[in-house]
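1. fold the following and give me the result.
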Amino acid sequence: MLDTRKIGAFISKLRKEKDMTQMGLAELLNVSHQAVSKWERGESLPDISIMPELARFFSISIDDLMNAGEIKKMNSQVGKIVEEIAMERTEQVAVLINEGEVNIDELADVALLMKASTLDKVSQNLKPNSFSLDQISRLAPFLGSEALAELVSHATEETVNWDVISGIAPYLTSDLLSEIIEKSILNVSLEAEHLTSIAPFLSEESLDKLVQQLEAGTVSLQIIQVIAPFLSSKSMNYIVDLVKDEKLDAEQIISLAPFMESDQLEKLVQKAEEGTLNWRIVVRIAPFLNDEILSRIVNRLASDKLDVKRVLELAPFLSQNNLNHLLESLELVNLDPDTLANLAPFVGKEALSKLVTALIAQVK
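-> Sure thing, here's the model as predicted:
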């Protein structure tokens, strides 16, 4: 990995040894003095086409320049890569790598000096399976999307290193990520944790495809829970319909409630009111129900002279008006001091006083 600060300091040292100003070096290399100043401060590096000329001027090797004068690695070919790229001989760089004379890691070392189009040309002439995913991850910020997609496709044909894929996900197309996921599903190796980092980079279409595999069992509910914040209304409707059609247990999708729209939540409430879903479902999704849905539930429960236990379950989520309305419909025979004490934190003083008075009168 190139250290821009060390290289900059080395250029500054060499320039001063030549008793030359930044302006003088800039004129020699046909660049601005601001460019030289940025090099020496470690804010940028010389263009790759300038590196050979700079090394010749200071009578050092390109490797010495790239390593900031420090002892270079044995058999380092970084300088050779720079020289070939500076001469626009991308095919020759590929040949050197294919024949084992140059290490791909060294190409990654100088990638930040190369234009994406230049690096793409090198990669296009390399043997398909030359790169490991780790090496690709180093090149990802510098490669064009098409070249990167081709390299990753080859590298993930048999196994997928999800840690690496997560790291380079921002550079990958949604189509490629979807392709990798589908391969993992076929190999029965896709896990929920794999999608934690890449879900934000998946297209709506890719996410929809994942959800549609829920019924078949090829995608787990744990995976759906991970991608839930990014799901479309279409996908969430599909999941709710699976519950309505009794193809999915409602208890399993409670964790998705924060991401559901009001009409989707209401479908679950209606199924509970019909008796096809357990009432506990309504209680568990109550924090996410809007006032309109809660009011409708209250009216339905009030007309049915609801058991006080259900009032207690919904009390923390009801407005004062809705709660009072429910309390007025309660059968006092079901009300005891303990229940009243549990209701007290949610009931207004006036309504609570009426209940206490009624309860006392009943006892008398």
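
2. list the contacts of the closest residue to Asp63 other than its chain neighbours.
-> Leaving aside its sequence neighbours, Asp63 sits nearest to Gly79 (Cβ to Cβ, 6 or more residues apart in numbering; 3.9 Å). C-betas here are computed from N, CA, C, even on glycine. Gly79 sits next to 55, 61-63, 65-66 when contact means Cβ atoms under 8 Å, 6 or more residues apart in numbering.

3. could you rerun that using 7 Å?
-> 61-63, 66 (Cβ atoms under 7 Å, 6 or more residues apart in numbering).

4. quick one: low-confidence residue ranges for the stretch 151-300 of the chain.
-> In the predicted model of the stretch 151-300 of the chain, no residue satisfies pLDDT under 70.

5. please flag which of the contacts of Gly79 sit within helices.
-> 62-63, 66 (DSSP state H).

6. which of the contacts of Gly79 ranks first by neighbour count?
-> Highest neighbour count within the contacts of Gly79, by other Cβ atoms under 10 Å: Met66, with 26 neighbours.

7. wait, doesn't that residue sit right on Met1?
-> No: in this structure, Met66 is not within contact of Met1 by Cβ atoms under 7 Å, at 10.8 Å.

8. if we can go back for a sec, from the contacts of Gly79, pick the one nearest Ile7.
-> Within these, proximity to Ile7 (Cβ to Cβ) peaks at Met66, which comes in at 7.0 Å.

9. now that closest one, nearest residue through space, not along the chain?
-> Val78 (5.2 Å).

10. distance check, that neighbour against Val122.
-> Distance of Val78 to Val122, computed by Cβ to Cβ, to the nearest Å: 14 Å.

11. same deal with Ala286?
-> 59 Å.

12. who has more neighbours, the two?
-> Val122 (26 against 20).

13. give the contact list for the more buried one.
-> Counted by Cβ under 7 Å, 6+ apart, Val122 has contacts 90, 93-94, 107.

14. what's it sitting at in phi/psi?
-> Backbone geometry at Val122, expressed as degrees, to the nearest 10, gives phi -60, psi -50.

15. what about the spatially closest residue to Pro170 that is not a sequence neighbour, how many residues nearby?
-> Leaving aside its chain neighbours, Pro170 sits nearest to Phe201 (6.4 Å; criterion: Cβ to Cβ, 6+ apart). Applying other Cβ under 10 Å, we find 17 residues neighbouring Phe201.

16. and for the one 5 residues further on?
-> By the other Cβ under 10 Å criterion, the neighbourhood of Ser206 contains 20 residues.

17. which of the helices or strands spans the residue nearest to it when sequence neighbours are not counted?
-> In this structure, Ser206 finds its nearest non-sequential neighbour in Ser178, 3.9 Å apart by Cβ to Cβ, 6+ apart. Applying DSSP states H and E as the criterion places Ser178 in helix 174-186.

18. give the next helix or strand downstream of that helix.
-> Criterion used, DSSP H and E; the element after helix 174-186 is helix 192-195.

19. what is that following helix packed up against?
-> With contacts taken as 3 or more Cβ pairs under 7 Å, 6 or more residues apart in numbering; DSSP states H and E, helix 192-195 sits against helix 221-227.

20. for the helix it packs on, buried residues please.
-> 221, 223-227 (16 or more other Cβ atoms under 10 Å).

21. what's in contact with stretch 162-177?
-> Residues contacting stretch 162-177 (Cβ under 7 Å, 6+ apart): 133-134, 136-137, 140-141, 145, 148-149, 152-153, 180, 194, 197-198, 201-203, 206.

22. what of stretch 259-267?
-> Outside stretch 259-267, the residues touching it (Cβ under 7 Å, 6+ apart) are 228-229, 231, 233, 236-237, 240, 244, 257, 285, 288-290, 293.
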